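Here is my input, please return the structure:
(chains A and B)
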There are 2 protein chains.
Amino acid sequence: MRKAQSIADEVRRRIVELKWREGERIPDEADLAVEFSAARATVNKALQVLADEGLLDRRRRAGTRVVVNPVRKATFSIPIVREQVEDAGLIYSHRVVAQRLSPIPGHIAVRLGLPEGERLVHLRAVHYADGKPYQLEDRWINPHVVPGLEHAGFRDLNANEWLVRNAPYLRAEFSFSAENADRRDARLLQTRQGQALLILHRTTWNDLGPITTVRVVFQPGHSFGADEGRDQAAKI
Amino acid sequence: MRKAQSIADEVRRRIVELKWREGERIPDEADLAVEFSAARATVNKALQVLADEGLLDRRRRAGTRVVVNPVRKATFSIPIVREQVEDAGLIYSHRVVAQRLSPIPGHIAVRLGLPEGERLVHLRAVHYADGKPYQLEDRWINPHVVPGLEHAGFRDLNANEWLVRNAPYLRAEFSFSAENADRRDARLLQTRQGQALLILHRTTWNDLGPITTVRVVFQPGHSFGADEGRDQAAKI
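So this is what the prediction gives:
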């Protein structure tokens, strides 16, 4: 693999330095094998490394072309908030502000693809780190697709952790936005009204339908990050 | 594949309905082949579908286990802002507010891993959609790793598009946060001071070093979304 790696490094350098440019067809394997005094199989291995990185598009007949702004793969998983707090060396606690079966309003119905007024579990809760508000969640959970939900209280085991452990999802949708804190957000997060807050909406589905949709409000100053190209999964 | 697909559906259903739970070892291929009256190769294909979805962890000796909150793969690429605006049916325009070679301040030096005071190209620009501010960028570009930068003006072709087309990157780092608009943000975005704004910091590297770091400020109300499990790449 050492030889293949050094060929891959050289080809990558040519792409980065624009010797070979977006959309251009690069020399074929046989020519590269001659240039690098390597076996064709070794060249093939090297080009596959770059194809996996997204920098080359290999097609059987059309040859191999350079892709400058490739579609990259990033990995992510849904975080357990308690673990995030504890991993930061802080003490986790949790408070359920409200929990009841309620008819869903229009914008939640649209997001879930369910009829307006259908009754789901509505939950509002605060996660704390060392006794200070860490994040808020305003969540709707669909009891029709989550077995065992009727026995879950969420006062001991919070809904985030319960769902991650008990409700496998097949599809997830996320969006980030920013909002000025309203009176309620400000009170629960112990901040001032108008404070800029990072908001995450996350919705998950299994094969029976929508599982849950949650509006997560992060504490002021929180930033959500991801590092593509390292072996770290983002926690969204 | 039809038979394999229906076996995959049934196994997925058992995981979703918690018949087979997190960490549990599922029956081996031979037993499943008997249960489903299928060839072992077909069962193998079905289990591979679920492994690709992240719901099963297959190991040669340890057998196949259920993963309830798997690490998922999402795809993304860096957007060309002009295309995003035009895809929305709006007219794109662009204004460079400032562009000069400047010494980098401490927080940029830390982010890029370069010495404080090193001189990079500092650029501030506004992207417009139908003449209204769409997003701001405050960007540092490293001329030492981007060939051809000295000839790029960014008044005709904006820096975002120039870089996407001319500066292939190998690693990218992102973070989202929320900030209250300061006087300058408010003026350039034609909004009020204090307005909550969604901020994206994005930094890219090639094999020579950091290419660019940019602070993108979205127009008020903008939300950034991704839909995992569909074949759509997020534009970050």
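
and stretch A:82-89, which residues are buried?
A:R82, A:Q84, A:V85 (16 or more other C-beta atoms under 10 Å in any protein chain shown). Heads up, the C-betas are built off the backbone N, CA and C, glycines and all.

I misspoke; the intended subject was stretch A:14-27.
A:I15, A:V16, A:E17, A:L18, A:W20, A:I26.

go on, stretch A:37-53?
A:A38, A:T42, A:V43, A:N44, A:K45, A:A46, A:L47, A:V49, A:L50, A:E53.

so for it, what's the average pLDDT?
Averaging pLDDT along stretch A:37-53 yields 90.

Reformat the buried residues of stretch A:14-27 as JSON lines; add secondary structure and pLDDT.
Formatted as JSON lines, those follow (DSSP: H, G, I helix; E, B strand; the rest coil; pLDDT from 0 to 100):
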{"residue": "A:I15", "secondary structure": "helix", "pLDDT": "85"}
{"residue": "A:V16", "secondary structure": "helix", "pLDDT": "79"}
{"residue": "A:E17", "secondary structure": "coil", "pLDDT": "78"}
{"residue": "A:L18", "secondary structure": "coil", "pLDDT": "79"}
{"residue": "A:W20", "secondary structure": "coil", "pLDDT": "88"}
{"residue": "A:I26", "secondary structure": "coil", "pLDDT": "92"}
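
between those, which is nearest chain B?
For the buried residues of stretch A:14-27, the residue nearest chain B by C-beta to the nearest C-beta is A:V16; the value is 4.5 Å.

contacting residues for that closest one?
B:P168, B:L170, B:N206, B:D207, B:L208 (C-beta atoms under 8 Å, 6 or more residues apart in numbering or on different chains).

10 Å instead?
Residues in contact with A:V16 (C-beta atoms under 10 Å, 6 or more residues apart in numbering or on different chains) are A:55, A:68, B:145-147, B:167-170, B:206-208, B:211.

do you know how far it is from B:N206?
5 Å (C-beta to C-beta, to the nearest Å).

joint contacts of those two?
Common neighbours of A:V16 and B:N206 (C-beta under 10 Å, 6+ apart) are B:V145, B:V146, B:A167, B:P168, B:Y169, B:L170.

and the first one, helix, strand or coil?
Which is B:V145. coil (DSSP: H, G, I helix; E, B strand; the rest coil).

Give me the pLDDT for it.
89.

How about it: what's its closest non-neighbour residue?
B:L208 (4.0 Å; C-beta to C-beta, 6 or more residues apart in numbering or on different chains).

Give me the neighbour count for the one you found.
The tally of other residues near B:L208 (other C-beta atoms under 10 Å in any protein chain shown) stands at 15.

Verify the stated contact: it with B:P143.
No: counting by C-beta atoms under 10 Å, B:L208 does not reach B:P143; the two are 11.4 Å apart.

Could I get the contacting residues of A:P103?
With C-beta under 10 Å, 6+ apart, A:P103 has these contacts: A:A109, A:P115, A:E116, A:G117, A:E118, A:R119, A:L120, A:H122.

these two touch, right, the fifth one and A:G106?
No: shown here, A:E118 and A:G106 do not form a contact pair, counting by C-beta under 10 Å, at 11.5 Å.

more crowded one of these two?
Under the criterion of other C-beta under 10 Å, the comparison of A:E118 against A:G106 puts A:E118 first, with 15 against 9.

check contacts around the more buried one.
So A:E118 contacts A:S102, A:P103, A:I104, A:I108, A:A109, A:L112, A:W140, A:N142, A:H144 (C-beta under 10 Å, 6+ apart).

Which segments of chain A make up each domain?
As given by automatic domain parsing, the domain ranges for chain A are A:2-66, A:76-235.

Start and end of the shortest one, how far apart?
Spelled out, it's domain A:2-66. 23 Å (C-alpha to C-alpha, to the nearest Å).

quick one: it to chain centroid distance?
Distance of domain A:2-66 from its chain centroid, counting by C-alpha atoms, centre = their mean, to the nearest Å, is 31 Å.

Where does pLDDT dip in chain A?
A:1, A:70-74, A:227-236 (pLDDT under 70).

now the strands: where do they sit in it?
All strands of chain A, identified by DSSP state E, fall at A:56-59, A:63-66, A:72-77, A:92-103, A:119-129, A:132-141, A:171-180, A:196-206, A:209-218, A:224-228, A:234-235.

Check which residues of stretch A:58-65 are buried.
A:T64, A:R65.

Dump that stretch to CSV, keeping only the CA atoms.
In CSV, the C-alpha atoms belonging to stretch A:58-65 read as follows (Å, rounded to 0.1, in the frame of the first residue of the first chain):
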residue,chain,number,x,y,z
ARG,A,58,-14.2,7.0,-12.1
ARG,A,59,-16.4,5.6,-14.8
ARG,A,60,-15.8,2.5,-16.8
ARG,A,61,-16.0,3.9,-20.2
ALA,A,62,-15.8,7.7,-19.7
GLY,A,63,-12.5,7.4,-17.8
THR,A,64,-11.5,9.2,-14.6
ARG,A,65,-12.2,12.9,-14.1
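
okay but A:Q84 is in contact with A:L90, surely?
Yes: the pair A:Q84 and A:L90 passes the contact test of C-beta under 10 Å, sitting 9.3 Å apart.

which neighbours do these two share?
A:A129, A:Y134.

wait, doesn't A:Y169 sit right on A:W205?
Yes: taking C-beta under 10 Å as the definition, A:Y169 is a contact partner of A:W205 at 6.2 Å.

Pick out whichever of these two has more residues nearby.
A:Y169 (25 against 20).

residues contacting the nearest residue to that one once chain neighbours are set aside?
The spatially closest residue to A:Y169, leaving aside those adjacent along the chain, is A:T204, at 3.7 Å (C-beta to C-beta, 6+ apart). With contacts defined as C-beta under 10 Å, 6+ apart, A:T204 is in contact with A:78, A:142, A:163-164, A:167-174, A:210-214, B:228-229.
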